[in-house]
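# Whatever this is, show me its structure:
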Amino acid sequence: MTTTCLETTTPPARSRLAWAALCVAVVAASLAGVRTITAEDIGYHLAFGEAFCQEGRLVDHCEVLYAPPGGTDADPGPGNWYDAQGRYRFPNANWLTQVIFYAAWAAGGVVGLNVLLAACVAALFVLVALTCLRGGGSPLAAAAAVLLTAMTIYPRLMLRPELLGYLTLMGNSALLAPLIVSADDRRLSRRTMIGVVALQLLYVNLHSYWLLGLALTGVTLLPAIARLLGRPSAEVRSAAASALKQRGGLLLAQALVAFVNPWTWRLAILPFQTLVYMRQHNISGGAGEHPWTTMQDLQRTTLLPADAASDVAGCFFVGVAALVVLAALLSMFAKRWSAAAVLLGMLLVAFATQRNRAVGVLTAMPLAAAVIGLRLRPRAVHWRETLRRCLATGVATSALLAACLVAVLFVRSSLYRNDHYKMRFGLGWSRLIIPVGLAGRLSDLGIEGRLWAEPQSTSSLYFLVRPHPSLQMITNTWAYPPATMKDVLTANVLGGGEQLANIWGVSVAAVMPGRLFGQLRTDENWTLVALADGHAVFVRRDGADAALARTPLRPGDIAASDIVREVEAEDAWPLSRLMQWGKLLVAARFQGPAIEVLQAARGHARGEQVNGVDMLIGAALYNRAVDRQGRGNPACLEDYRRATEIFSRVGLGKLAEETAQGYQQAASQLQQ
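Just a heads-up that it's a prediction; the model follows:
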């Protein structure tokens, strides 16, 4: 390993301070993994892992999905196919991750998942630090790499298969870092080569981004190739040829293990098929009518965040991108072609799609820190020695304080609140993402027919509802043709109760406030039977679950005080969940409980949040006024008056005028 400046010139006290800064930085960054579970996909991963652990069955066909309106002849997605029985099949690139996830669940439930997430994130930042150190960076450079990486990628540190993929990729990055940063023809030990191939084998069976592992090894061939093309001496030619042979053999071995998976060649070519497919349909460009373009994290990454005041990670990405470009230029000037190729290549990966930003930064930042640190290594100049020592001590102290600040930001959930993410520091589920209460309610109801659910909630309900219900989709886009996804999304926005029942055969629908919600609420063939986690459960009165429709939910069944008490007990920042409940109750026309819940939410609101809560309170008051006016209840006048005041205060002048007119009409009607 390249000798660092701290090892040669730094006195023991400052060296200990630098290492302390690195340790605190790793601990602080690791706190980003102590968070509630927010991944919308976690449900189907657990269900697929459950099938393997309990039945010994690898899932490559999702039998719980009921047939789309157009049958099963739609064009398959990339890598998918129809088998001889007409079943839609897909190479399950995450099968081993799913087994690991379910093992954690079986061991400790949601806390087991929390522990797995925290352990993976901690290991990830240890590997970031190790990559920088093995690349020749100092402990201070490694600390900077860890902190900058953490502040840039923390939104993507969710319990998803990509997280385990990050681990294997960064393991290979740490092993290959000396070769990537250096420009010599050093040989790899047999142990290192075995480790690289073993990690690549894991990567192939954990996540579909394993091509990046091949890329890391591939760039290590560049220095030897450059030397062989430059008319070297016989000795240099022999060393370069030997290095090229060894590294080329390693690359070939990694490529061959891509076929060691349950689907052999199908999974091996899947990444290539996916890249071609996305390019053909301009998925990352967001153009066209392909349903994948609705997935925001498949859109291209922008350099500048739309809202710099709130997008902390986006702002840090600007700085990280600048550092990576600087390191790439320094590498090219020093003819370190491998480092330059990795840095620029991973920066392009980070810009390709929003979900790639994390993996690009993870791989590039520690190497960039090592390159910049080597370039800025202080040289011994006697008359500047005192100044240099003071500067080194100040930098180490600043790094230590920065690490402590990052730790506080994660522990206090400050970053999550400022960026409006639906996660919190701590354990358990994020009830804003994972509808645990809804799943329990559906399990209690004992659904027998087909369930229609909000697309983002389908995977969670698929696993958490017992027995597993039949669903129109899950969040795994490989489990059905893209045309089916388009049909589902269209029906969820534009469909109605008759379409769900007559075309899709649905008997129970769990939907959020929106057009479909409104249609089901006013459809006499559907009955509202439950509210939970931002969803309303409607039952078809002549469907397979018609018996459930005999006990409709009424406003008197809702105890607003119990809702407020439960939410405030579970969440230190309960505003978002109380707002979710308020919107749901307003949409369900349960205005009394809605107003009570929203009044409680107002007590937790700050700044502009107050106006958002007030607008909902005004809407609830207006709706209640209309209902009371229809019954001839004089209390409608007070509701109209309060709603008018609220709309005026929040700047909705036109709505305030309409509400005031409603007041005048109600007053005239009551006088008559």
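
# Please make it C-alpha for all contacts and neighbour counts, starting now.
OK.

# for the chain, what spans make up the strands?
Across the chain, reading from the start of the chain, the strands by DSSP state E fall at 81-82, 88-89, 450-453, 470-471, 506-511, 526-532, 535-540.

# what about F316, how many neighbours?
A count of nearby residues for F316, using other Cα atoms under 10 Å, gives 20.

# Which residue is the nearest non-sequential neighbour of it?
Nearest residue to F316 in three dimensions, chain neighbours excluded: T152, at 5.4 Å (Cα to Cα, 6 or more residues apart in numbering).

# quick one: that neighbour and L652, what's the gap?
Going from T152 to L652 by Cα to Cα, to the nearest Å gives 38 Å.

# ok, these two, which is more surrounded?
When T152 and L652 are compared on other Cα under 10 Å, the one with more neighbours turns out to be T152, at 23 against 13.

# Now do the same contact list for that one.
For T152, the contact set (Cα atoms under 8 Å, 6 or more residues apart in numbering) comprises 312-317, 320, 358, 361.

# now those as CSV including distance to V27 and pLDDT?
Output for the contacts of T152, formatted as CSV (distance: Cα to Cα, whole Å; pLDDT from 0 to 100):
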residue, distance to V27, pLDDT
V312, 20, 89
A313, 19, 91
G314, 22, 91
C315, 23, 92
F316, 19, 94
F317, 21, 95
V320, 21, 96
A358, 19, 95
V361, 19, 97
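
# most neighbours, which of those?
The member of these surrounded by the most neighbours (other Cα under 10 Å) is V361, with 27 neighbours in all.

# in terms of contact, does it touch T149 like I think?
Yes: with contacts counted by Cα atoms under 8 Å, V361 reaches T149, the gap being 6.5 Å.

# show me what contacts the residue nearest to R624 when sequence neighbours are not counted?
Of all residues not flanking R624 in the chain, Q591 sits nearest, at 5.8 Å (Cα to Cα, 6+ apart). Contact criterion Cα under 8 Å, 6+ apart gives 585, 620-621, 623-624 as the residues in contact with Q591.

# ok, now with 7 Å
With contacts taken as Cα atoms under 7 Å, 6 or more residues apart in numbering, Q591 has the following neighbours: 585, 620, 624.

# what's the closest of those to M365?
Minimum distance to M365 across those is 46.7 Å, recorded for L585 (Cα to Cα).

# Give me the pLDDT value at the closest one.
L585 is assigned a predicted lDDT (pLDDT) of 96.

# So which residue is dead centre in the protein?
Geometric centre of the chain, nearest residue: R156, 4.5 Å, by Cα atoms, centre = their mean.

# Find the nearest non-adjacent residue to that residue, please.
Leaving aside its chain neighbours, R156 sits nearest to A358 (6.6 Å; criterion: Cα to Cα, 6+ apart).

# So that neighbour is in contact with Y154, correct?
No: contact criterion Cα atoms under 7 Å: A358 and Y154 do not qualify, at 8.3 Å.

# Provide a list of residues in contact with the closest residue to A141 other than its chain neighbours.
Distance criterion Cα to Cα, 6+ apart; nearest residue to A141, sequence neighbours excluded, is A369 at 5.5 Å. Listed by Cα under 7 Å, 6+ apart, the contact partners of A369 are 132, 137, 141-142, 145.

# Looking at neighbours, which among these is most surrounded?
Result: A142 is most packed of those (other Cα under 10 Å), 35 neighbours.

# Just give me how far stretch 282-299 sits from the chain centre.
Taking Cα atoms, centre = their mean, to the nearest Å, one finds the center of stretch 282-299 at 17 Å from the center of the full chain.

# And that stretch, what's buried?
Neighbour-count burial for stretch 282-299 flags 282-286, 290-293, 298-299 (criterion: 16 or more other Cα atoms under 10 Å).

# Can I get the strands of the chain in CSV including mean neighbour count, distance to I646 and mean pLDDT?
CSV is the format used below for those (neighbours: other Cα atoms under 10 Å; distance: least, Cα to Cα, whole Å; pLDDT from 0 to 100):
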stretch, mean neighbour count, distance to I646, mean pLDDT
strand 81-82, 16, 56, 93
strand 88-89, 22, 53, 94
strand 450-453, 26, 34, 96
strand 470-471, 20, 42, 94
strand 506-511, 26, 29, 96
strand 526-532, 22, 27, 96
strand 535-540, 26, 27, 97
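
# Same list as before, the ones you listed that is, but in CSV and with distance to F101 included.
Rendered in CSV, the data for those read as follows (distance: least, Cα to Cα, whole Å):
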stretch, distance to F101
strand 81-82, 27
strand 88-89, 22
strand 450-453, 24
strand 470-471, 22
strand 506-511, 26
strand 526-532, 26
strand 535-540, 27
